[in-house]
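Engineer: using only what follows, build the 3D model:
(one chain, ligands or ions: 2)
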Amino acid sequence: MDEHTFEINRERAIDYLNTRELVYVFDGYAGWDPKYRIKVRVICARAYHALFMNNMLIRPTAEELKNFGEPDFIIYNAGQFPANRFTAGMTSTTSVEINFKRMEMVILGTEYAGEMKKGIFSVMHYLMPVKFGQLSLHSSCNEGREKGDVTLFFGLSGTGKTTLSADPKRMLIGDDEHVWSDSGVFNIEGGCYAKCINLSAEKEPEIFNAIKFGSVLENVVFDPRNRTPDYDDVSITENTRCAYPIEFIPSAKIPCLSTRQPSNIIMLTCDAYGVLPPISKLTPEQAQYHFIAGYTSKTPGTEDGVLEPIPTFSTCYSAPFIVLHPSRYAKMLAERMAKHNTSCYLINTGWTGGKYGPESNPASGKRCPLKYTRAIVDAVHSGFFDSPDAQFENFPIFNLSVPRHVPGVPDELLNPARAWRDPEAFEREADKLGGMFQKAFRLYEDVVSADVLAAGPSFD
Ligand SMILES: Nc1ncnc2c1ncn2[C@@H]1O[C@H](COP(=O)(O)OP(=O)(O)O)[C@@H](O)[C@H]1O
Ligand SMILES: C=C(OP(=O)(O)O)C(=O)O
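Structural biologist: Ligands and ions are numbered 1, 2, ... in the order given. A predicted model of the protein is given here:
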């Protein structure tokens, strides 16, 4: 989009806001480390958008608000009003745009509140590396209560960052956007944005209980007589959400930062082909390879038009939000992992025992039960994989180290070659996925070292 089109859309948004009797303004911070935080002003026509950003940004104290001054970044949210399709460069009535020169964001034609938080994330993906030399990441983060060890969970939407980081055994630093800085890790946000589809108190008690007065439920159907939400109702969309201040999670760590460097990185992928093992331990080269490849499946939910899991390669697990070449972030990641001796695991929260398919087909797999993924994450945190009890086997084509046993998880689930009913069908899918990785990675062949290139799938 050229600057002129931005100016037209900006003017349209401001004109629309000026027609409203009530306009809501919220000032807050992005970034818990005062050295790197930015001041954000949100100007919108819907109270729900203002409350959403009140929950999602870091709320200033009364004193901080008094001295807030001019914002570093402004969001004009006129989402109820469409963009003009006849404006040169516009292809639809929806427009979400950021102008880095003006440090402004303009929203027209969509009321999905998530656009605002992800807009700020895109700005941080520029400012952090370029202005401050720090690494922004699409990740959740938590910290051990006793050891203070920090884990980062990378992953595209729907892979389990929010679900797995809300762990009563650990302190929550944040569920979606972090910066790995020279002095530790800090959360960019002051709240969480959880998926509500099929939410239950039994499976996800922390998130279920965070939904209370002050939270914003978005697209969730509820009974107007008693205001009871129905989390199984997807009649509006599968992308039902709740935004709540992070302190609604009892184990949240306030301020949301750690001065410790990460001990573990968990790369979350949701593999609809059911090929990747529920857990494998990565070498530093494999960590770089998988970070750049960013393989996962988009699941029905966040993105419009996704009706079944669609395999995708979203570089840095963050393609829609990064603004620099992926190799910039990957290089910083490799340097930090080497300097701080950070271990890395690849966890498949997607399908096991077969690929995605109708339940009526006995050859179909199913999504890895959450209780097993949680047991696997617990094993990472207990140090099990570095203990003499851990035994690994090689997972061909992908050349991954897969444990033979993990406490609390059935052994047969751990190696897809054994978990599938039909070993030949598994081999066909593994070949297909390996080939897809090779094809997707061609884009990056010229910017990575030979070691990283060799860390991907191979048919030799
Ligand atoms: N094994 C699993 N691990 C993590 N999440 C799972 C698993 N199985 C099902 N889910 C569901 O998948 C969704 C993951 O979404 P979420 O944690 O919000 O992802 P993200 O924060 O990465 O966008 C949740 O609705 C969760 O209940
Ligand atoms: C808010 C979003 O991210 P996530 O699904 O990771 O919460 C989004 O992409 O709309």
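Engineer: all helices of the stretch 151-300 of the chain, in order?
Structural biologist: 161-165, 205-210, 284-293 (DSSP state H, counting those that start in this stretch).
Engineer: out of the ones you listed, which gets nearest to ligand 2?
Structural biologist: helix 161-165 (6.2 Å; CB to the nearest ligand atom). Backbone N, C-alpha and C define where each C-beta goes, glycine included.
Engineer: give me the contact list for that closest one.
Structural biologist: Residues outside helix 161-165 that contact it (CB atoms under 8 Å, 6 or more residues apart in numbering): 138-142, 153-155, 172-176, 192-195, 204, 207, 266, 268, 349, 370, 373-374, 377.
Engineer: flag every buried residue along that helix.
Structural biologist: K161, T162, T163, L164, S165 (16 or more other CB atoms under 10 Å).
Engineer: next, format those residues as CSV and append distance to ligand 2.
Structural biologist: Formatted as CSV, those follow (distance: CB to the nearest ligand atom, whole Å):
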residue, distance to ligand 2
K161, 6
T162, 6
T163, 11
L164, 12
S165, 11
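Engineer: F208 reaches C196, doesn't it?
Structural biologist: No. Using CB atoms under 8 Å, F208 is not in contact with C196; the gap is 9.1 Å.
Engineer: okay, those two: which has more neighbours?
Structural biologist: Shown here are F208 and C196; by other CB atoms under 10 Å, C196 has more neighbours (23 against 16).
Engineer: who in the chain is up against ligand 1?
Structural biologist: Proximity of the chain to ligand 1, by CB under 6 Å from any ligand atom, involves residues 155, 157-164, 175, 194-195, 197, 349, 367-368, 370, 373.
Engineer: just the buried subset of these, please.
Structural biologist: 155, 157-164, 175, 194-195, 197, 349, 367-368, 373.
Engineer: mind listing which of the residues you listed are in strands?
Structural biologist: Of the positions in these, A194, K195, R367 sit in strands, assigned by DSSP state E.
Engineer: quick one: which of those residues is nearest ligand 2?
Structural biologist: K195 (6.8 Å).
Engineer: A319 - nearest residue in space that isn't next to it in sequence?
Structural biologist: Leaving out its chain neighbours, the residue that sits closest to A319 by CB to CB, 6 or more residues apart in numbering is G294, at 6.6 Å.
Engineer: ok, the one you found - contacts?
Structural biologist: Contacts of G294 (CB under 8 Å, 6+ apart): L156, F313, S314, T315, C316, Y317, S318, A319.
Engineer: number of residues surrounding H178?
Structural biologist: 31.
Engineer: ok, it to C256 distance?
Structural biologist: Distance, H178 to C256, by CB to CB, to the nearest Å: 9 Å.
Engineer: hey, what's in contact with both of these two?
Structural biologist: Between them, H178 and C256 share the contacting residues F186, N187, judged by CB under 8 Å, 6+ apart.
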